[in-house]
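**Student:** Whatever this is, show me its structure:
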Amino acid sequence: MSGEGNPALDEVRKVADAVLYEGYILYPYRASAQKNRSRWQFGVLMPPGYTAADPSESSALRAECVFEHEGQPTVDVMVRFLQVHRRRTDHAADDTEVPASWDEAVEQEITVLVPSQALLGDSNSYDDGNGDRRATVTWFTIPGGTETGTTAGARVTRCREPLTGTVSVRATPLPGPWQAARLTVEVVNESAIPESDKASPLERETALPTALVAAHLIITLSGGAFLSMTDPPEWARPQVEACQNTGCWPVLAGPEGSRHVMLAAPIILPDHPQVAQESPGELYDGTEIDEILTLRTLALSDEEKAAARATDPRAAALLDRIEALDAPTLAQLHGTIRGMTGHQPANTENVPWWDPGADASVSPGTDSVVVAGHRVARGSRVILRPGSRRADAQDMFLAGRAALVEAVLLDVDDTAYLAVTLADDEAADLQAAHGRFLYFAPDEVEPDTCDPGASARDTSEARPSGHSTTEAGR
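**Tutor:** Just a heads-up that it's a prediction; the model follows:
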């Protein structure tokens, strides 16, 4: 049950792939960049021969979570990681772009299926004699090898070291009336560092070809359901808090509301993580904003782009994809608001997103709010009464001042605000021309009853068709 062709796991794999290649190669995507000389930072399980000398690194990860079951659960554990391929290049006389040494990587997957009998069977053969469940242990081996080829006229050799490790899975029934258990999955790198590389002191870069890089787990449960590790039901909270996770954090994955898949990643994610649908492809740098990173990449010189393409095939593909982006796809990266309700554009066909006419249902110049029974809109005079909830200490100097409403604005939550200029400010016209206003909530002003036009703008006046009036109490 590897998940191949399983639609339920397709979206999980997309998120897992983003984890797998997080930090693979960072902007500006050239081997000469300082930050690309110290790579492979997330989820690295170093060989035990290295961790013995450097205890700051680890050879194992441990994921624990709680699940409910119907009596016969089975677990499918998929261990995914990158295997480092060390590339050496013999430069041609006229070739200076391809780096002499560079680490590429290839994806590896190990799948372990644990049937119900091995997971929660009654047989004593699954008990260690101390009341704890014995783990189902699976050994795996990834072969090494050497490949040769030619890149940009230069002879290239790619070497990979053999990898070995273990995956252990066990479930421990939990006390209480609920049919629940704690699942423990451990992955240990058992790889040996070649004798020829055992220099003293052993450098991290030397040991990396025998590491499991960006290691993470996709765990699928049949005959049961996982509990959220961040928001468990109250009855399971003590058991969830007792779980011990090392080097990863398990979260519910797959569609919202589903509880059959856990993703245990070295990066802390929320339940049901998703890759943004606007993202046109991997940028390998999750700490950056896609739009900014894309624009910065497009701004690279031709020489810098050539050096990036020569560094790594994935960097070359990234540059080709970015340079092929059309204007609508690039515009999608500017930002998206999800899950909010508000005014819908009357007609957005062929209207740029930045054009005020794109949302004809909002009109700051004619929209209004009702304050103390009076309609307040552009042109209304109000008295400022800033409340205690405002954090700007200078507002105390504006209390009691008369102001002219220049516009009624709505934020993304449909909360109304008044843009005003001070009535006695000689520079008010200049401020308005530059769009520099003071902003107050409707409950921080009161209508100026001395305003001759106030009676003509009260709630008895018909509202302009197609625009809104918001009720605001004081």
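**Student:** Do a quick rundown of the strands in the stretch 251-400 of the chain.
**Tutor:** 261-265, 368-371, 374-377, 381-384 (DSSP state E, counting those that start in this stretch).
**Student:** burial count for Pro270?
**Tutor:** Per other Cβ atoms under 10 Å, the neighbour tally for Pro270 reads 11. C-beta coordinates here come from the backbone N, C-alpha and C atoms, glycine included.
**Student:** Tell me who's in contact with it.
**Tutor:** 230, 251 (Cβ atoms under 8 Å, 6 or more residues apart in numbering).
**Student:** next one: phi and psi at Thr206?
**Tutor:** phi -70, psi -40 (degrees, to the nearest 10).
**Student:** out of the strands of the stretch 251-400 of the chain, deepest packed?
**Tutor:** Ranked by mean neighbour count, the strands of the stretch 251-400 of the chain are led by strand 261-265 with a mean of 28 (mean count of other Cβ atoms under 10 Å).
**Student:** My guess is Met46 contacts Ala211. True?
**Tutor:** Yes - the pair Met46 / Ala211 is scored as a contact, 5.0 Å apart, by Cβ atoms under 8 Å.
**Student:** got the strands of the stretch 251-400 of the chain as a markdown table, with distance to Ala215 and mean pLDDT columns?
**Tutor:** As requested, those are exported to a markdown table (distance: least, Cβ to Cβ, whole Å; pLDDT from 0 to 100):
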| stretch | distance to Ala215 | mean pLDDT |
| --- | --- | --- |
| strand 261-265 | 9 | 96 |
| strand 368-371 | 56 | 92 |
| strand 374-377 | 60 | 93 |
| strand 381-384 | 59 | 95 |
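**Student:** residues making contact with stretch 322-333?
**Tutor:** Stretch 322-333 is contacted from outside by 278-280, 290-291, 294, 297-298, 353, using Cβ under 8 Å, 6+ apart.
**Student:** Let me fix that, I meant to ask about stretch 425-439.
**Tutor:** With Cβ under 8 Å, 6+ apart as the criterion, stretch 425-439 contacts 398, 403-404, 406-407, 409, 417-422.
**Student:** Buried subset of the residues you listed as a ChimeraX selection?
**Tutor:** Here is the ChimeraX command that picks out the buried ones among the contacts of stretch 425-439, judged by 16 or more other Cβ atoms under 10 Å:
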select :398,403,404,406,407,417,418,419,420,421,422
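**Student:** Kindly reformat the contacts of stretch 425-439 as JSON lines containing secondary structure.
**Tutor:** Formatted as JSON lines, the contacts of stretch 425-439 follow (DSSP: H, G, I helix; E, B strand; the rest coil):
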{"residue": "Leu398", "secondary structure": "coil"}
{"residue": "Ala403", "secondary structure": "strand"}
{"residue": "Leu404", "secondary structure": "strand"}
{"residue": "Glu406", "secondary structure": "strand"}
{"residue": "Ala407", "secondary structure": "strand"}
{"residue": "Leu409", "secondary structure": "strand"}
{"residue": "Tyr417", "secondary structure": "strand"}
{"residue": "Leu418", "secondary structure": "strand"}
{"residue": "Ala419", "secondary structure": "strand"}
{"residue": "Val420", "secondary structure": "strand"}
{"residue": "Thr421", "secondary structure": "strand"}
{"residue": "Leu422", "secondary structure": "strand"}
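**Student:** Just the closest of the contacts of stretch 425-439 to Arg170, please.
**Tutor:** Of all the contacts of stretch 425-439, Tyr417 has the smallest distance to Arg170: 57.6 Å, by Cβ to Cβ.
**Student:** wait, what's in contact with the closest one?
**Tutor:** 408-411, 439-442.
**Student:** Look up the pLDDT of Pro386 for me, please.
**Tutor:** On pLDDT, Pro386 comes in at 88.
**Student:** nearest spatial neighbour of it, skipping sequence neighbours?
**Tutor:** Distances taken as Cβ to Cβ, 6 or more residues apart in numbering place Asp395 nearest to Pro386, at 3.9 Å, with adjacent residues excluded.
**Student:** Check that neighbour and give its pLDDT.
**Tutor:** Asp395 is assigned a pLDDT of 80 by the prediction.
**Student:** That one: how many residues sit nearby?
**Tutor:** 17.
**Student:** Roughly how far does it sit from Glu104?
**Tutor:** 59 Å (Cβ to Cβ, to the nearest Å).
**Student:** Ok, Glu278 next?
**Tutor:** The spacing between Glu278 and Glu104, counted by Cβ to Cβ, is 29 Å.
**Student:** neighbour-wise, which of the two wins?
**Tutor:** Glu104 (18 against 14).
**Student:** Show me which residues of the strand ranked longest in the chain are buried.
**Tutor:** As assigned by DSSP state E, the longest strand anywhere in the chain is strand 60-90. Neighbour counts over strand 60-90 (16+ other Cβ under 10 Å) mark 60-69, 73-87, 89 as buried.
**Student:** now do stretch 31-49
**Tutor:** 31, 36, 39-40, 42-49.
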